[in-house]
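*Asks:* Got a predicted model here, sequence first, then my questions.
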Amino acid sequence: MMKSLNKKAKTIIIAAFAAVLFVSAAVAFILNYHNIYAFALKNGWFCTPVAVENADDTDLQEYSLNELLSDSRVSFDQSLMLVNTTYLLPEDFIPDVVEYKDTTVFMSRPMIDAYAQLSGAVKELTGNKLYVSSDLRTREEQEALYREDPATATIPGASEHQSGLALDVYVAYYAGDAFLKSPSGRFVNTHAHEYGFIIRYPSYGEEITGIRYEPWHIRYVGAPHAGVIYNNQLTLEEYILSFEIGEWYEIDGYLVSRQTMGGNITMPEDFTSCTISPDNTGCYIITVKK
Ligand SMILES: [Zn+2]
């Protein structure tokens, strides 16, 4: 009797020990998920962005850059520039910006319509006007900010504000972290992707971006990229670096490819329109509307 009880107790202890071990491993994995993801990306373990299918059966044709520059279906912009402390903006980088509706707010050209729609939706749904506290910054302005407060401001060349692709937004009484306490802030954080924007420094991305959650900093990337990034909880780093160079991917009615700069560009034989952006890592990202 005593012997069998001991045996039973032993089994229970071993089972409990195994369960604790399993739960700890699972918790450790979840907590380190983005670390593991970053490591895997760096080592080329992943090549395909989440929820993006390889478009293997696309018929391709080669074009020179000059041919594409003079093709009326093709537009060039800077919407997919990856800007961080690893991929600094070149010192001679010229942002392609325009003024937003006589406001002294300057933003990257393709953002004008997208921002008008996003701020229009905020106004319509919450009654609040969306304001911009920081838009385009020159390199000199970023240098001055960095000198003043190196703990908060990033190094010159690493700020998205120098590209004109980022805006810091707020509504009356709710700026910075408090932005999320307003219905407008919550709307921007959950719907900006429908207008081509991402929350560039998301709560889940600090390990990869190196920057804590900034619910106020919106970054334009356009369609279909913003939707994929939001729906799969990716950072811009993960998204851009996960494209295998030279491959074509099918994403929500678009074909997307990341190709090395300098040579010819392969394109689908038939397409309606196309946007080409440098990604600041030495490649172009080509977004084709089928
Ligand atoms: Zn910002």
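*Replies:* Noted; the coordinates are in hand.
*Asks:* show me the contacts for the nearest residue to residue 282 once chain neighbours are set aside.
*Replies:* Taking Cβ to Cβ, 6 or more residues apart in numbering as the measure, residue 282 lies nearest to residue 261, with 5.8 Å between them; neighbours along the chain are not counted. In short, each C-beta sits where N, CA and C put it, glycine included. The contact partners of residue 261, by Cβ atoms under 8 Å, 6 or more residues apart in numbering, come to 278, 282, 283, 284.
*Asks:* Can I get the buried part of the residues you listed as one ChimeraX selection?
*Replies:* Buried residues among those (16 or more other Cβ atoms under 10 Å), as a ChimeraX selection:
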select :278,283,284
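*Asks:* quick one: which of the contacts of residue 261 is nearest residue 6?
*Replies:* Within the contacts of residue 261, proximity to residue 6 (Cβ to Cβ) peaks at residue 283, which comes in at 65.3 Å.
*Asks:* residue contacts, the closest one?
*Replies:* Contact partners of residue 283, counting by Cβ under 8 Å, 6+ apart, are 245, 258, 259, 260, 261.
*Asks:* Now it: phi and psi?
*Replies:* phi -130, psi 160 (degrees, to the nearest 10).
*Asks:* same thing with residue 239?
*Replies:* Here is the backbone geometry of residue 239 (degrees, to the nearest 10): phi -60, psi -50.
*Asks:* Show me what from the stretch 51-200 of the chain comes close to the ion.
*Replies:* Along the stretch 51-200 of the chain, the residues adjacent to the ion under the rule Cβ under 5 Å from the ion are residue 168.
*Asks:* So which residues of the stretch 51-200 of the chain form helices?
*Replies:* 65-69, 111-126, 139-148, 183-191 (DSSP state H, counting those that start in this stretch).
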